[in-house]
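**Student:** Here's a sequence, model it:
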Amino acid sequence: MRIRTLLGMALFMSVAVGGRASAADLVLYDALDFAGPVAKAFTAKTGISVNVVEPGSSGETLGKIAAEGDNPQFDVVWLDGSAVMERMAQDHVLQPIPGDLYEQADFTALGKTLLPASRSFMPTGASTTAIEVNTKKVPAGQMPKSWSDLSRFAGHVAAKDPNLSGPSYQWLAGLFQTNGVEKGKALLADVLTNRSLSGFSGAGKVNKALLTGDAEIGINQDSSIFSEKAKGEPVVAVYPSEGSIALPQGLGISARTRHMEAARKFVAFVMSANGQAAMQAGNGTDFYFLPIIEGVKAKPGRVTDINFVLLDDKAASAHESEWKTWYRDHFIP
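**Tutor:** Residues are numbered from 1 along each chain as shown. Take a look at the predicted model:
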């Protein structure tokens, strides 16, 4: 019994000192629907095993990474939002993506605009935040056309908490960029007057509030709207007249990975035809992304002609804590 105990203690200590307990060749943290299918396809092609860890929302994934501090347990992270990836790069959580991986990817014109100057992440696809409308609750003649139009629906607008949702923070920072910070805050104060609707953790809860609850309008990721529409739900995506903030999916590599070659191969696979096909092999929210690789078509029903506005990632990452705190103080129950 004592021998077993000592052996158990030795095993525990080796895990504690060595870092992670996973026996996989690569550990992937993500908050995206397609990560599992992509990892499976990657392993089938390369023989490299992947431990897919999904803590929950983007915010929960970022929280897990922050809690690990100087002892990160991941090799690769895959999330929505360029601002959060830029911040992790500035905090030296991520290392720059090797330049040859950018060169190998056959980006579309949109894809080329999404390449970060800091090389903090590899954009693998895109979406944006749109105005989601329940057509059974809002007549065609009363459809909103801009973010400012949402004041007409005050008290009946569902939104996600930027503290939990990467896409939501990208949208919030973009709203402040296009409207000005103070005007953006005033607009949200007029619109998000029902706290029970303004602090959801994910797109699915916004959809539920719109379809079965008190919400008439949702501020939601457009890929989620198309996913619901494909199911036959009475929702449409309205793109605001002032432009839509581009929301890249960001694939980043840990600054402390000990499996750099496997990480490189994973990034290259994601940007290949096989990887992109695996990213579309499902019907959840994230499968309805906008492709940014030449020759890859979006899933049927997915709008591609969008007036995109690029986010100032450095400004957004610099104010991330401040603006998330402001939102929490004003709109979270």
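**Student:** Residues touching whatever helix or strand residue 61 lives in, excluding its own?
**Tutor:** Per DSSP states H and E, residue 61 falls inside helix 58-68. Residues outside helix 58-68 that contact it (C-beta atoms under 8 Å, 6 or more residues apart in numbering): 29-31, 54-55, 72, 74, 77, 79-81, 84, 88, 93, 161, 163-167, 201. All C-beta spots, glycine's among them, are computed from the backbone N, C-alpha and C.
**Student:** From residue 248, how far off is the closest residue in space to residue 292 that isn't next to it in sequence?
**Tutor:** Excluding its sequence neighbours, the residue lying closest to residue 292 (C-beta to C-beta, 6 or more residues apart in numbering) is residue 111, at 3.1 Å. Per C-beta to C-beta, to the nearest Å, residue 111 is found 9 Å from residue 248.
**Student:** Then residue 196?
**Tutor:** Separation of residue 196 from residue 248 (C-beta to C-beta) stands at 31 Å.
**Student:** what's the answer for residue 103, then?
**Tutor:** Using C-beta to C-beta, residue 103 is found at 18 Å from residue 248.
**Student:** cool, and residue 217?
**Tutor:** Distance from residue 217 to residue 248, by C-beta to C-beta: 25 Å.
**Student:** okay, those two: which has more neighbours?
**Tutor:** Taking other C-beta atoms under 10 Å, residue 217 and residue 248 do not tie; residue 248 has more neighbours (31 against 28).
**Student:** Tell me which helix or strand that one sits in.
**Tutor:** strand 244-254.
**Student:** Just checking, which helix or strand succeeds that strand along the chain?
**Tutor:** helix 260-270.
**Student:** Looking at that following helix now, give me its mean pLDDT.
**Tutor:** The pLDDT scores in helix 260-270 average 98.
**Student:** Mind giving me the packing neighbours of that helix?
**Tutor:** strand 26-30, helix 35-46, strand 76-80, helix 99-104, strand 122-134, strand 244-254, helix 273-279 (3 or more C-beta pairs under 8 Å, 6 or more residues apart in numbering; DSSP states H and E).
**Student:** switch the cut-off to 6 Å
**Tutor:** Here helix 260-270 touches helix 35-46, going by 3 or more C-beta pairs under 6 Å, 6 or more residues apart in numbering; DSSP states H and E.
**Student:** chain center to the following helix or strand past the helix it packs on, what's the gap?
**Tutor:** Proceeding N to C from helix 35-46, the next assigned helix or strand is strand 50-53, under DSSP H and E. Put simply, strand 50-53 sits 17 Å off its chain's centre (C-alpha atoms, centre = their mean, to the nearest Å).
**Student:** Adjacent strands (with direction) for strand 50-53?
**Tutor:** For strand 50-53, sheet partners with direction are given as strand 26-30 (parallel), following DSSP bridges.
**Student:** Next, the angle helix 35-46 makes with the partner strand.
**Tutor:** Strand 26-30 and helix 35-46 are oriented at 160 degrees to each other (axes from the mean of the first three to the mean of the last three C-alpha atoms, to 10 degrees).
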